[in-house]
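Novice: Compute the structure for the input listed below.
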Amino acid sequence: MPGAVQYHDYLQLDKILQAQSPESDKQQLPAHDEMLFIIIHQAYELWFKQLHHEVDSVVKIMARPALNDNSPELQTVVHRLQRCVTILRVLVQQIDIMETMTPMDFLDFRDMLRPASGFQSWQFKELEAKLGLGFEERHGREYYTSQLKPDHVDIIKKAESEQSLLQLLNKWLERMPFLKEGADKSFWDHYKKVYSEGLAAAEKGNSQVFDNIFEDAGEMPGRHLSPVACRAALFILLYRGYPLLQLPFQLLNVLLEIDEQLSSWRYRHMNMVHRMIGTRIGTGGSTGKDYLKAAADKHYIFKEIAQLNSFLAERRKLPQLSPALEKMLGFVAA
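Specialist: Coordinates of the predicted model:
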C-alpha cells in the first residue's frame, strides 16, 4: 500500500517555495519588490502551462476525423475553452498586483535582470502558435525567437508545423451538413439579397466583400477560413437559437472571447510597461511599449470570425428554413 499523500509533498512545495532567488540579494543590494516581480512571473508561467494543457486536449478532440456535435465531445471543447477564458481574465487581473510596484521600486533591481525579459516566454509564443498565430502574421517575426534557447525555438517551430486550433476549426466548419449542393446556393442567394437590402448607402461596397468572403473565388492572402467554413459559421450565428446550433455558437463565441482576453492582456501589459519605464527599451532589448502596441494591434487570431458580424441581417428578415431542416436543428427524430 502506498503511503498517505501529504499536501506539502503532493504540491512539491520544497521546490516551489525555494524557486525564488532575487538577483538583488545575490548582489547584496536588496530590493524589496523583486520578490513580487518573480512570483508574479512564475504564476504567469504556471497559468501558461495550464492553458497548454487545456488547448492540447481541445486540439486532440477537434483533430478527430468526425466530431459529433450532438454528443459530450463538443460540450467538452466549449467547457475547456471557457476555462481558458477565465484563466486569461486572471492573467489580466494579476497586472493589478504588479502595478502596486512603483517605477522607482522597479528601478531598484531592473538593470540586474538584463537581458532577461518577458519577450523570452517561449510558453506564450508556443500557445499563440497552437491557437493559430502563424509565423508570417507575427509582428517582429525576424527576431521573435532570437533571444530564446535553441530547444525552446524548436518547441515553437514544432507547434507552428502542426495543425492549429484555427485550422481545425476551419475543417470542422467545412463538415457542417446543412445547406449542401443546390440548397446551399439558393439559400445564400436569398440571404445576400436580404443582407444587401439592409445596407446603408455608405455600406454598399459590403456586397462585394460579401462575395469575396462567402464565394469560392480562389485563395485570398492571409485567409484561414475557407468560403465554405465562413458560410457555415455565419449560418451558426444567424440561426443560433436552434438547439443543435447552440454549442457551435458557443464555440465560435468563446474563441472571440479568447482573442478579447489576449488583447486585454497585451494592452494592459503595454500600459504597465509605459508606466514603469516610459519610452526606454525593454530589458531584453525590444522597443518596449512600441513593440507591445504593434503586437497587440496585429496578433488577433480569430479575427475572421469577428469579421462575420459585419454580415448579419435582422432576425425578423432571415430566410425561413425548410421544415426538414428545422427538425434536424431541433433534435427532433425523423
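
Novice: alpha carbons only for contacts and neighbour counts from here, please
Specialist: Fine.

Novice: Going along the chain, name the helices of the stretch 201-334 of the chain.
Specialist: Per DSSP state H, counting those that start in this stretch, the stretch 201-334 of the chain carries helices over the ranges 206-214, 227-238, 243-277, 289-298, 303-307, 323-329.

Novice: by contact count, what packs against the shortest one?
Specialist: To tie it back to what came earlier, the one meant is helix 303-307. helix 243-277 (3 or more CA pairs under 8 Å, 6 or more residues apart in numbering; DSSP states H and E).

Novice: just the angle between the helix it packs on and helix 289-298, please?
Specialist: 170 degrees (axes from the mean of the first three to the mean of the last three CA atoms, to 10 degrees).

Novice: Deepest-packed of the helices of the stretch 201-334 of the chain, please.
Specialist: Among the helices of the stretch 201-334 of the chain, judged by mean count of other CA atoms under 10 Å, the one packed with the most neighbours on average is helix 227-238 (a mean of 21).

Novice: can you tell me the average pLDDT over it?
Specialist: Average pLDDT, helix 227-238: 94.

Novice: where does the stretch 201-334 of the chain dip in pLDDT?
Specialist: Along the stretch 201-334 of the chain, the model assigns pLDDT under 70 to residues 217-220, 279-289, 331-334.

Novice: sorry, back to before: nearest to K149, of the helices of the stretch 201-334 of the chain?
Specialist: Across the helices of the stretch 201-334 of the chain, K149 has its closest neighbour in helix 289-298 (21.0 Å, CA to CA).

Novice: What lies in contact with the closest one?
Specialist: 137-139, 263, 266-267, 269-271, 273-274, 278-279 (CA atoms under 8 Å, 6 or more residues apart in numbering).

Novice: rewinding a little: wait, which of the helices of the stretch 201-334 of the chain is closest to S164?
Specialist: helix 243-277 (13.0 Å).

Novice: Could you check the pLDDT of L179?
Specialist: At L179, the model reports a pLDDT of 67.

Novice: give the contact list for the residue nearest to R231 when sequence neighbours are not counted.
Specialist: In this structure, R231 finds its nearest non-sequential neighbour in F214, 5.9 Å apart by CA to CA, 6 or more residues apart in numbering. By CA under 8 Å, 6+ apart, the contact set of F214 is 227-228, 230-231.
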